[in-house]
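> just to be clear, the model below is a prediction. Sequence and coordinates:
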Amino acid sequence: MSNAEGSVPPTDELVEGSGSASHVEHQHAEGTKSGENQAEVSAARQRRKIAQLEEKLATLESGRAAKERQTNYYVAQGRAIRRVVTLFDSLEDLVAENNRRYEFEEDAETTAEYQDFSWIGYMTFTKTMRWFHQKATEADYEEYADMLKMLRQGADAARGDDTSKLKPLVSEWVNREFKPDPPVDPDDKYSRGFINDACGRLLCPSELDWNNSTVKAGIRDRADGYTVTDMSFPAFVYEKYTANPDDLEDGLFKGKILLQAFKAVFTSPSSAKDVEGDGDGADVIISNRRARKSFNTIKVKKHVAQIIKMEKVTPRSIAYIVCQVRFALSSVTSWRSIDGDFDYVHFWRIIVDFFEKPPGRDARLRAEKLLEWWTRKVFGKNRRNDLSQTVMENMSVNALARQRAARADAVFNSP
């Protein structure tokens, strides 16, 4: 065998070597393709996880938004409680008294006065918030507790807001009415109360004469016989701020500053400027309806009376305003139930009892007439909702409808 022959590799080896190289390339391609598939699978898996997380986040956000809407609703609804239901009692006490009566079915004669007061408060509460009973029945304990918490939060916040609102407004009204020198400071409560002559005149018990220097000194010194308590109506609750000693009901709860404060809280501060008339041109309900029609593209802020669907002045809303005005006139800087010898809780109940527990038929009619006067002063002369069914049936539109129907029936029944 020659060297040339020896230098040529065997054919089998060449084929085998060529096949090995091709196999390696094939394996490399397969590996590359497999890696790409794994990357795609991993990426798809990540996309699915992201989508699932986004869905969970959307669900959580939706639940949180729903919870916030519910919370805001309860807080907003609760803002009516101190104003028209009860200024001091807790919701838990009102509900407990109603439950107690339901379980034991006690006779009114065997029920204590404060219990009767709480039960009437619960009736007023459920009448104001007709949704409460069903919600309270359907909710579990935790949901029920949260609901009461939110309602209470709204109630106390509204009372605080009204106190802050009336603080400068009352000083403005007093300065305009009495022109004291120096004027009542809208920001300083310490300069109010009995040390201020104008505020002292309005806070003075109606049976005493503030213009008498002996009375003025006795009240300021809290001398015997001049103690100011919740058993005396302050002068500001009377018309022209003066009581008739021979008829203490005459002009009671007709004080100008009371009307101004009521309007400022329940309708708007601007409406408080119009209290001199007798409801003429002061129909807040109709005025707001017209405003919504005229400016239907503009979002108009609703006032308190609209929000709570209040179209009549109530005894408890008057009592609320009386207490708020007295606090605004006083030198006390933070809300409290006791101011020296004056008990706001008892005073509030005295006012409510004046309307809700009159001693007889004539007293009840006078109280109802006074409430009508208040409603006319605050909301104007719109009385559509007070019309009886009989009156409505006799009005010409309904009478015409009956006549036309009768004629149609006559024609139909004629031979």
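Yes, it's here.
> count of residues packed around residue 311?
Under the neighbour criterion other CB atoms under 10 Å, residue 311 is assigned a count of 17. Glycine gets a C-beta too; all of them are placed from N, C-alpha and C.
> what secondary structure does it sit in?
Under DSSP: H, G, I helix; E, B strand; the rest coil, the three-state class of residue 311 is coil.
> look up how far residue 272 lies from residue 324.
With distances defined as CB to CB, to the nearest Å, the gap from residue 324 to residue 272 amounts to 13 Å.
> among these two, which residue is more densely surrounded?
A side-by-side neighbour count of residue 324 and residue 272, using other CB under 10 Å, places residue 324 first with 26 against 20.
> overlap in contacts of residue 324 and residue 272?
Listed as contacting both residue 324 and residue 272 by CB atoms under 8 Å, 6 or more residues apart in numbering are residue 261.
> which parts of stretch 310-322 count as buried, going by neighbours?
Using 16 or more other CB atoms under 10 Å as the test for burial, stretch 310-322 gives 310-311, 313-322.
> helix or strand: which one has residue 188?
Element membership of residue 188, judged by DSSP states H and E, is empty: it is in no helix or strand.
> neighbours of it, how many?
Summarising burial for residue 188: neighbours were counted as other CB under 10 Å, giving 12.
> and residue 262, by the same measure?
The criterion is other CB under 10 Å. On that basis, residue 262 has 25 neighbouring residues.
> any idea of the pLDDT on the closest residue to it other than its chain neighbours?
For residue 262, the nearest residue in space outside its immediate sequence neighbours is residue 321; the separation is 4.8 Å by CB to CB, 6 or more residues apart in numbering. pLDDT, residue 321: 98.
> residues contacting residue 321?
Shown in contact with residue 321 (CB under 8 Å, 6+ apart): 258, 261-262, 265.
> do that again at 10 Å, thanks
83, 162, 166, 253, 257-266, 313, 351 (CB atoms under 10 Å, 6 or more residues apart in numbering).
> which intervals of this structure have sub-threshold pLDDT?
Within the chain, the stretches with pLDDT under 70 are 1-36, 61-67, 105-114, 277-301, 382-388, 415.
> where do the strands sit along it?
Remark: strands assigned in the chain by DSSP state E are 338-339, 342-343.
> residue 366 and residue 249 touch, don't they?
Yes. Residue 366 is within contact range of residue 249, at 6.9 Å (criterion: CB atoms under 10 Å).
> run a quick neighbour tally on the residue nearest to residue 119 when sequence neighbours are not counted.
Nearest-residue entry for residue 119: residue 97, 5.1 Å, with adjacent residues in sequence omitted and distances by CB to CB, 6+ apart. When neighbours are counted by other CB under 10 Å, residue 97 registers 21.
> state the distance from residue 97 to residue 121.
Counting by CB to CB, the separation of residue 97 from residue 121 is 8 Å.
> who's in contact with stretch 396-414?
Taking contacts as CB under 10 Å, 6+ apart, the residues outside stretch 396-414 that touch it are 391-393.
> in helices, which of those residues appear?
Using DSSP state H, the members of the contacts of stretch 396-414 that fall in helices are 391-393.
> adding distance to residue 175 and neighbour count, write the residues you listed out as CSV.
As requested, the ones in helices among the contacts of stretch 396-414 are exported to CSV (distance: CB to CB, whole Å; neighbours: other CB atoms under 10 Å):
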residue, distance to residue 175, neighbour count
391, 46, 10
392, 48, 11
393, 53, 11
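> which one among the residues you listed gets closest to residue 144?
Nearest to residue 144 among those, counting by CB to CB, is residue 392 at 41.0 Å.
> count of neighbours near the closest residue to that closest one other than its chain neighbours?
Sequence neighbours aside, residue 398 is the residue nearest to residue 392 in space, at 6.4 Å (criterion: CB to CB, 6+ apart). Look at residue 398: counted by other CB under 10 Å, it has 12 neighbours.
> again, but for the one 3 residues further on
Counted with other CB under 10 Å, the burial measure for residue 401 works out to 11 neighbours.
> how about residue 259?
One way to gauge burial is a neighbour count; for residue 259, by other CB under 10 Å, it gives 19.
> ok, residue 138 next?
Residues lying near residue 138 (other CB under 10 Å) number 9.
> and what of residue 102?
Using other CB under 10 Å, residue 102 has 9 neighbouring residues.
> hang on, the earlier thing: so of the strands of the chain, which one's packed in deepest?
Mean neighbour count (mean count of other CB atoms under 10 Å) peaks for strand 342-343 among the strands of the chain, with a mean of 18.
> got a list of contacts for that strand?
When contacts are taken as CB under 10 Å, 6+ apart, the neighbours of strand 342-343 outside the stretch itself are 203, 227-232, 234, 326, 330, 332, 337, 349-350.
> hmm, residue 330 is touching residue 194, no?
Yes. The pair residue 330 and residue 194 qualifies as a contact (CB under 10 Å) at a distance of 8.6 Å.
> okay, and the common contacts of the two?
Residues touching both residue 330 and residue 194 comprise residue 203, with contact defined as CB under 10 Å, 6+ apart.
> and the closest residue to residue 158 other than its chain neighbours, how many neighbours?
Ranked by CB to CB, 6+ apart and with sequence neighbours excluded, the top spatial neighbour of residue 158 is residue 79, at 3.7 Å. Residue 79 sits with 21 neighbouring residues when counted by other CB under 10 Å.
> gap between residue 79 and residue 181?
If you measure residue 79 against residue 181 using CB to CB, the figure is 38 Å.
> can you redo the strands of the chain as JSON lines with distance to residue 50?
What follows is these, written out as JSON lines (distance: least, CB to CB, whole Å):
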{"stretch": "strand 338-339", "distance to residue 50": "61"}
{"stretch": "strand 342-343", "distance to residue 50": "64"}
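> on that earlier part again, which residues are in contact with the residue nearest to residue 119?
Each residue near residue 97 by CB under 10 Å, 6+ apart is listed here: 89, 111, 114-122.
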